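Q: Got a predicted structure plus its sequence, pasted below:
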Amino acid sequence: MQKTEIFGQMDMGRVRTNNEDNFVSQYIWDKNHVLGVAIDGVGGYEGGEVAAEIAKNTIVEYLEKYPNGERLVLLSQAVTEANNRIFDERGKQPKCAQMSCVLSAVLVEVEEKRINMVHIGDSRIYQFGGGVLEKLSHDHSSVGYREDIGVITEKEAMNHPKRNEINRMLGDQKHQTDDHNFLEVNTFSLRPNSILLLCSDGLTDLVTRAEMTEILSLDIPLETKTQKLINRANNKGGRDNITVVLISIQDDELSVQDGENIDNVIKTAAPPKKPIVNRYFDPVQSKKYKTETMILVAIIALLLGLCVGGWVGKTYLSDKKPSPFPKDSTAIADDSLQKDSLSDSIKEPSVSPKIDPKKSSSDKTIDNSKGNTNASLNDNPNANSKDDAKENSKGNAKESSTNNANTSSKDDPIDSSTKETNENLENDAETQQPKITNSTKKEELQEAERDLVRLKRTLVDDPLYENPQKREKREKEIKELEDKISNLKKG
C-alpha cells in the first residue's frame, strides 16, 4: 500500500511587511490525484498579492470544472486561464496595472506514478528520493539559466545581484496554451518513497540544496520538515516571502492501523497506463542549444573534411598523377643535354647525293662515276679513316675530284660525269647546311620559350616552391633560360 501526505505553508519572512505568496495543496477529483502549487506574486505590494490570489482560485476552479482529459493538458489549460484572467484584471484596476506572478504546479497521478508539471518563472520543483534531491523545473531568469547549465555555482547564483530578474511571468500578456515561449511543460516518473518540494525563491535564495536534502532526510513528520525549511531561510535573513509545499508518497506494505487518517491512505499503485512522454519545450534554451550544436557540428565536419581531403590527396593523387613539373634542376639539366645532342645531330646531317638528270648521261655513267669516286678515294694517300669520313667529307670530295681530274682523260665522258657529280654534291651540301641550321635554331628557341613559361607557372601554381630555397633555385633556372633565349635571338 502507499501512504500519501500533503502539506503547505507560507511565511512573510523577516523583511517584508506583507505577503504576496500563495499556494495550493489538496486532492483534486479523487484520492488518486494530488494538486500542489507554489505561487509568488510580483509587481508591487497589493498587485502581487492580487495576482497570486487570482492564479490560485482560477487553477482550482478550472480543474474542478473540467475533470476529463489528459492531465498534463488540463493543468496547462488551467494555468493559461489564470494568466489571461490576471491580464484582464490589470485593465480593470489601475493600481494593479503591473501585477503578475510566477508559479510551479504539479498534478500527481498516484496510481500511475506520474508527475505532470507546469512551470513559469523562478519558483522551483524538486523531487527527493533515495537520498538524492533532483531539480525538475528550470528557472526563467538569466542567473537561474546560467546556474542550470553550470556556468556559475549555486553559491554564486544565490549572491548574484540580478538573481531576482525574471523573463517570464503570468499576466504580462494574453497567451494560448500551446505558445512555445510561455510555459515549461513536462512529465516525470514518480520515484518510490519520494517527496515533492515546491517552493518560492524566498527559500532557494537562502537555503542550499545540501541543507534542503539534510532536512528532507530527517525521520520527522511532514509538517515539521516544512517548518524547519522555513526557519532555516528566516535564520539566514528571511529577505522575501517563503512558501513551501511538500507532497510525500511512501510505499507501505503494512495494513492500515486503527485510528489512521483514511484520507491519507491510497491503494497500491498500479503500473503506468500510458508511457511517460517528455513534453517539455523551452524555446529560449532550446533555440540556443540548437544553434550552438549546429555551429559545433559544422566546425567538426569542416575539420574532418580538410583532414580526409589532405590525406586522400597526399596518399593517392600524388602517386597516381605525378607532377608534370621537375622537382629540381637535375631534370632540367638532363632535358637540356638531350636538346643539345638533338641539335647537334640536326646540324650535321648525312646528305644524300642529288643527281641532276640533265647532267647525267645514263644510269651506267652514274654507276661508273661512283666507282671512279671510290677508286680515287682509295688511291688518295691522305684519305682519312671511316670514323673521320663524316667530319672531312667536304675535303675528301674536293680531293677525290682533283685526283680524278688528274688521272682521267679530259675527253673521257665517264671522268667528266664524275667531276660534275662531285661538284653537285659539294654545292648541295653547302646550300642545304644553312637552311637546316636556321630551322634548328628556331625550334630550339620555341622550345626554350615554352620551358620558360612552364617554369614561371610552377612558381605560382606549385606549392612545392613556397619553400624559399627551392624558389630561389627555380628563379635561377629561369634566369639561365632567359639568357639562353636572348643568345638564340641574337644568333
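A: That came through fine. Residues are numbered from 1 along each chain as shown.

Q: From now on I want contacts and neighbour counts done on CA atoms only, so please keep to that.
A: Will do.

Q: Share the number of residues neighbouring the nearest residue to Ile86 once chain neighbours are set aside, please.
A: Nearest non-adjacent residue to Ile86, counting by CA to CA, 6 or more residues apart in numbering: Gly171, 4.9 Å away. By other CA atoms under 10 Å, the residues close to Gly171 number 26.

Q: Make residue 1 into 18 and carry on from there
A: Let's use 18 as the start, then, which means that last one is Gly188.

Q: so Gly188 touches Ala114, yeah?
A: No - using CA atoms under 8 Å, Gly188 is not in contact with Ala114; the gap is 10.0 Å.

Q: if we can go back for a sec, which residues touch the residue nearest to Ile103?
A: Counting by CA atoms under 8 Å, 6 or more residues apart in numbering, Gly188 touches 68, 99-104, 116-118.

Q: Show me where the stretch 168-317 of the chain has its helices.
A: 171-175, 218-221, 226-233, 239-252, 300-329 (DSSP state H, counting those that start in this stretch).

Q: need the least confident one among those, by mean pLDDT.
A: Among these, helix 300-329 carries the lowest mean pLDDT, a mean of 76.

Q: Outline the domain layout of this structure.
A: Split into domains by automatic domain parsing, the chain comes to 19-297, 299-339, 346-507.

Q: okay but Ala68 is in contact with Gly58, surely?
A: Yes - at 6.1 Å, Ala68 counts as touching Gly58 under the criterion of CA under 8 Å.

Q: between the two, which one's more packed in?
A: Ala68 (33 against 28).

Q: Surely that one is within a helix?
A: Yes - the assignment for Ala68 is a helix, going by DSSP: H, G, I helix; E, B strand; the rest coil.

Q: returning to what we had before: which one of the contacts of Gly188 has the most neighbours?
A: For those, neighbours tallied by other CA under 10 Å; top is Ala68, 33 neighbours.

Q: list the contacts for that one?
A: 58-59, 103, 116-118, 188.

Q: and the contacts of Gly188 as JSON lines, adding distance to Asp139 and secondary structure?
A: Formatted as JSON lines, the contacts of Gly188 follow (distance: CA to CA, whole Å; DSSP: H, G, I helix; E, B strand; the rest coil):
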{"residue": "Ala68", "distance to Asp139": "16", "secondary structure": "helix"}
{"residue": "Ala99", "distance to Asp139": "17", "secondary structure": "helix"}
{"residue": "Asn100", "distance to Asp139": "16", "secondary structure": "helix"}
{"residue": "Asn101", "distance to Asp139": "20", "secondary structure": "helix"}
{"residue": "Arg102", "distance to Asp139": "21", "secondary structure": "helix"}
{"residue": "Ile103", "distance to Asp139": "18", "secondary structure": "helix"}
{"residue": "Phe104", "distance to Asp139": "20", "secondary structure": "helix"}
{"residue": "Met116", "distance to Asp139": "16", "secondary structure": "coil"}
{"residue": "Ser117", "distance to Asp139": "13", "secondary structure": "strand"}
{"residue": "Cys118", "distance to Asp139": "10", "secondary structure": "strand"}
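
Q: neighbours around the nearest residue to Lys179 once chain neighbours are set aside, how many?
A: The shortest distance from Lys179 to any non-neighbouring residue, by CA to CA, 6+ apart, is to Val160 (6.8 Å). By the measure other CA under 10 Å, the count of residues near Val160 is 23.

Q: Let me know whether Val160 touches Pro178 as I believe.
A: No - in this structure Val160 lies outside contact range of Pro178 using CA under 8 Å: 9.2 Å.

Q: quick revisit: would JSON lines of the contacts of Ala68 with distance to Ser265 and pLDDT be doable?
A: Putting the contacts of Ala68 into JSON lines (distance: CA to CA, whole Å; pLDDT from 0 to 100) gives the following:
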{"residue": "Gly58", "distance to Ser265": "26", "pLDDT": "94"}
{"residue": "Val59", "distance to Ser265": "29", "pLDDT": "87"}
{"residue": "Ile103", "distance to Ser265": "31", "pLDDT": "95"}
{"residue": "Met116", "distance to Ser265": "33", "pLDDT": "92"}
{"residue": "Ser117", "distance to Ser265": "30", "pLDDT": "94"}
{"residue": "Cys118", "distance to Ser265": "26", "pLDDT": "96"}
{"residue": "Gly188", "distance to Ser265": "31", "pLDDT": "93"}
